[in-house]
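1. quick one, fold the following:
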Amino acid sequence: MSTPPAGWYPDPVMASTQRYWDGAQWTAHVAPLAPSASSAPPAPAPSAPTPDHGPATVEHWLVPVGRSWQSITAGYLGFLCLVTWAIPIAGIAIAGLTLWLGLWAMRLAGSNGGHGRGRAIFGIVCATLSLIAAIFTTVT
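-> Next up, the predicted model:
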């Protein structure tokens, strides 16, 4: 009769452990029994989707992902408004375009979970300030 080779085997005394067999006898060395695929806890059931209340990562705040092109354009044109308000016709035209895109983006943001609303508001505020300054500069 041949003996099994040396190695770790389920402990014949304690069911939740494994014991080392040195090839001739059981040793005093024991370890927890490695979980098998059948003894693994069941995977949790998929939960219902949670509502998206905004971006969760910093990258989502910095990179215009998931926003409409109108909100992205309104945000960038808002920056442009801050420097072009002193140019009479161009300042008014750019501010008007930015205001229109910002309002359009706000309407779209309501249908896509609010993504892009911050850029749209930024564009609207900059366009309004730029329009006031451009009209004041042109009139005086």
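2. how far away is the residue nearest to residue 10 when sequence neighbours are not counted from residue 33?
-> What sits nearest to residue 10 in space, not counting adjacent residues and going by C-beta to C-beta, 6 or more residues apart in numbering, is residue 18, at 5.6 Å. Placement of C-beta: from N, CA and C, glycine included. Residue 18 is 5 Å from residue 33, where distance means C-beta to C-beta, to the nearest Å.
3. anything in contact with each of those two?
-> When contacts are counted by C-beta atoms under 8 Å, 6 or more residues apart in numbering, residue 18 and residue 33 have 10-11 as shared neighbours.
4. on that earlier part again, show me what contacts the residue nearest to residue 10?
-> Counting by C-beta under 8 Å, 6+ apart, residue 18 has contacts 8-11, 30-34.
5. same check on residue 105?
-> Residues in contact with residue 105 (C-beta under 8 Å, 6+ apart) are 68, 70-71, 74, 116-117, 119-120, 123.
6. for the residues you listed, give me TSV that also has secondary structure, pLDDT and distance to residue 109.
-> Putting the contacts of residue 105 into TSV (DSSP: H, G, I helix; E, B strand; the rest coil; pLDDT from 0 to 100; distance: C-beta to C-beta, whole Å) gives the following:
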residue	secondary structure	pLDDT	distance to residue 109
68	coil	80	7
70	helix	87	9
71	helix	86	7
74	helix	90	11
116	coil	79	5
117	helix	86	4
119	helix	87	9
120	helix	89	6
123	helix	92	12
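7. got the domain ranges for the chain?
-> Under the assignment automatic domain parsing, the domains of the chain span 8-35, 65-139.
8. out of these, deepest packed?
-> Mean neighbour count, computed with mean count of other C-beta atoms under 10 Å, is highest for domain 65-139 among these, reaching a mean of 19.
9. nearest to residue 2, out of the domains of the chain?
-> domain 8-35 (10.6 Å; C-beta to C-beta).
10. pLDDT (mean, whole number) over the closest one?
-> Domain 8-35 shows a mean pLDDT of 82.
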